[in-house]
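In: only geometry, no sequence info:
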């Protein structure tokens, strides 16, 4: 089955530690995205990548880093510089060609930092 | 400033009671409006894409429509399994492939 996987589903970390969230897709999509979702707020874009070895900051990139070494993978690192890291993190991908721009989401990772 | 506003924030319906959710946008150039359904603790599930005013899309009990200023998601004869948060997002001219999301409408359908 084609799809987007995120792991783990739940993640707990102590303040001051960096943590990496995994996102893998086997849809052969060119573009991948990371969003953060907080209660009462819309999804906010952290980083996105339209091709391998290239990525751009979204609206709330501070305290986060990404890499895109393979088309299938777009891991997100939440660094200790992120002031409020506890949130629900969503990864998405899209074909981004032939006027097909819908984004398809993974199941999410809920990160709790104490 | 580009904005996407969804209303109402929450909606409670009886099974079979049809209604509409609204997504209004004030953007400089729209290049697509997207509807998603999100169940608690899960990622959003893609429903529809609309590109131009007058366009309509249907799927089971859901029908999405688009005007120059807003989109409606009509729910006909809803069932309890339609309970979810419905999100809309817009893709802007010059925005690349970025989407701007509204905060969603939380729908609960009761027996």
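Out: Arrived safely. Everything numeric here is computed off the predicted structure, so don't read it as measured data. Residues are numbered from 1 along each chain as shown, chains lettered A, B, ... in the order given.

In: The helix or strand in which residue B:108 is found near chain A at all?
Out: Using DSSP states H and E, residue B:108 maps to strand B:105-110. No - contact of strand B:105-110 with chain A is not found when judged by CB under 8 Å from any CB of the partner chain; the minimum separation is 10.5 Å. Bear in mind the C-beta positions are built from the backbone N, C-alpha and C, glycine included.

In: how about that strand: buried residues?
Out: By 16 or more other CB atoms under 10 Å in any protein chain shown, the buried positions in strand B:105-110 come out as B:105, B:106, B:107, B:109.

In: How about the residues of chain A by chain B?
Out: A:4, A:6, A:31, A:40-45, A:48, A:50, A:56, A:58, A:88, A:90, A:92, A:94, A:96, A:99, A:101-108, A:110.

In: out of the residues you listed, which are buried?
Out: Neighbour-count burial (16+ other CB under 10 Å) applied to the residues of chain A next to chain B gives A:4, A:6, A:31, A:42-45, A:48, A:50, A:58, A:88, A:90, A:92, A:94, A:96, A:101-106, A:108.

In: Filter these down to just the ones in strands.
Out: Using DSSP state E, the members of those that fall in strands are A:4, A:6, A:31, A:44-45, A:48, A:50, A:88, A:90, A:92, A:94, A:104-105.

In: In these, find the pair that's most separated.
Out: A:50 and A:88 (24.1 Å; CB to CB).

In: for residue A:31, what are its contacts?
Out: A:48, A:49, A:50, A:51, A:93, A:94, A:95, A:96, B:97 (CB atoms under 8 Å, 6 or more residues apart in numbering or on different chains).
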